[in-house]
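# curious how this folds, go ahead:
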Amino acid sequence: MFLDYDGTLAGFAPTPDVIISDPEVIDILTRLENHPQIQPAIISGRRLNHILSLLPVPGVLLAGTYGIELRTPDGKRVNRLDYTKIRPGLELLKPRWEQIISGQEGFYLEDKGWSLAIHARFADDQAAAEILSTARAAAVDGMDESLFRIMGKGKFLEVSPKLANKGAAIEYILERYPMGEELPVYVGDDDKDEEAFAVVNQLSGISIVVSENERETHAVLRLPDPAGVREWLKDLLADPRSKISG
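The predicted structure is shown next:
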């Protein structure tokens, strides 16, 4: 059971650096971990330290920055890349992005260590389009395409290592912890989750998008919002087979 966090298990925080744990989510994840037929894992775009603070549940595999950094079920930390090879490129980009959004209302620059992201959820639509277009051009200029890629659409833009890919994260996890007869399930809400949906579909698993409205997606099922995800998980805990097949 692969789960995204923001927009899937919980609503969005005011800014990405705000860490407000949700007791209901912690309780559900604890119950999932203790269930004999379910093995949960979290794959989030947040940095791993944030996920560790939000979800202090022993035994659950936690993957941060789209699967680059992990906390394994036995508590070990695993970095799938050499940080010293990634950070210099981001250090060159960061001041350029800071200058681009300086004085602009509704923009927020998040430094995840492994990646940089601009959030414009609270910005004017036209301003967001113009500023993010300028930021994208600045990122492309001089970017080492063998190491980095640009992600995001709408009011979000991120430069991250190419390995920051939730689909690749699932493949890595399943190589390290092979499945037997288990059914892989992935639940997520945005475009970064689409790569995970595609991988789970290839494995004949179940992909579930969290969205109020119908939209183009690789997912085969839909839940309306994080509250709906939590209720579905509670039902799943009571009867895993009927809620997966139904």
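# I'd like the next helix or strand past the strand or helix carrying Ala129.
Assigned by DSSP states H and E, Ala129 belongs to helix 125-140. Using DSSP H and E, the helix or strand that follows helix 125-140 in sequence is strand 148-151.
# give me the contacts around that following strand.
89, 136, 139-140, 143, 157-162, 164, 191-192 (C-beta atoms under 8 Å, 6 or more residues apart in numbering). For the C-beta atoms, the positions are set from N, CA and C on the backbone; glycine is no exception.
# what's in contact with the following helix or strand past it?
Next in sequence after strand 148-151, counting helices and strands by DSSP H and E, comes strand 156-161. For strand 156-161, contacts defined as C-beta under 8 Å, 6+ apart pick out 45, 65-66, 68, 81, 86, 90, 93, 112, 114-121, 132, 135-136, 139, 143, 147-152.
# report the contact partners of Arg176.
Neighbours of Arg176 in contact, by C-beta under 8 Å, 6+ apart: Thr72.
# related to what we said a few turns ago, return the member of the contacts of strand 148-151 nearest to Thr8.
Lys192 (11.1 Å; C-beta to C-beta).
# what is the distance between the helix or strand containing Ile173 and the centre of its chain?
Per DSSP H and E: Ile173 is located in helix 166-176. Centre-to-centre, helix 166-176 and its host chain are 14 Å apart (C-alpha atoms, centre = their mean, to the nearest Å).
# show me what counts as buried in it.
166-174 (16 or more other C-beta atoms under 10 Å).
# so Arg87 sits in a helix?
Yes: under DSSP: H, G, I helix; E, B strand; the rest coil, Arg87 sits within a helix.
# pretty sure it contacts Asp111?
No: at 10.3 Å, Arg87 and Asp111 do not qualify as touching, with contact defined as C-beta atoms under 8 Å.
# with neighbour numbers in mind, choose between these two.
In this view Arg87 and Asp111 are compared by other C-beta atoms under 10 Å, and Asp111 has more residues nearby, 16 against 13.
# pLDDT value on the closest residue to the more buried one other than its chain neighbours, please?
Nearest non-adjacent residue to Asp111, counting by C-beta to C-beta, 6 or more residues apart in numbering: Lys94, 6.7 Å away. We have a pLDDT of 97 for Lys94.
# tilt between the helix or strand hosting Lys94 and strand 156-161?
Assessed by DSSP H and E, Lys94 sits inside helix 83-101. Taking axes from the mean of the first three to the mean of the last three C-alpha atoms, to 10 degrees, helix 83-101 and strand 156-161 form an angle of 160 degrees between their directions.
# contacts for the helix or strand hosting Glu231, please.
Element membership for Glu231 (DSSP H and E) is helix 226-238. With C-beta under 8 Å, 6+ apart as the test, helix 226-238 has contacts from 7-11, 24-25, 28, 31-32, 35, 38, 187, 210, 223, 243-244.
# what does stretch 133-140 give?
With contacts defined as C-beta under 8 Å, 6+ apart, stretch 133-140 is touched by 93, 96-97, 100-101, 118, 150, 157, 159.
# got the domain ranges for this protein?
2-80+164-245, 83-161 (automatic domain parsing).
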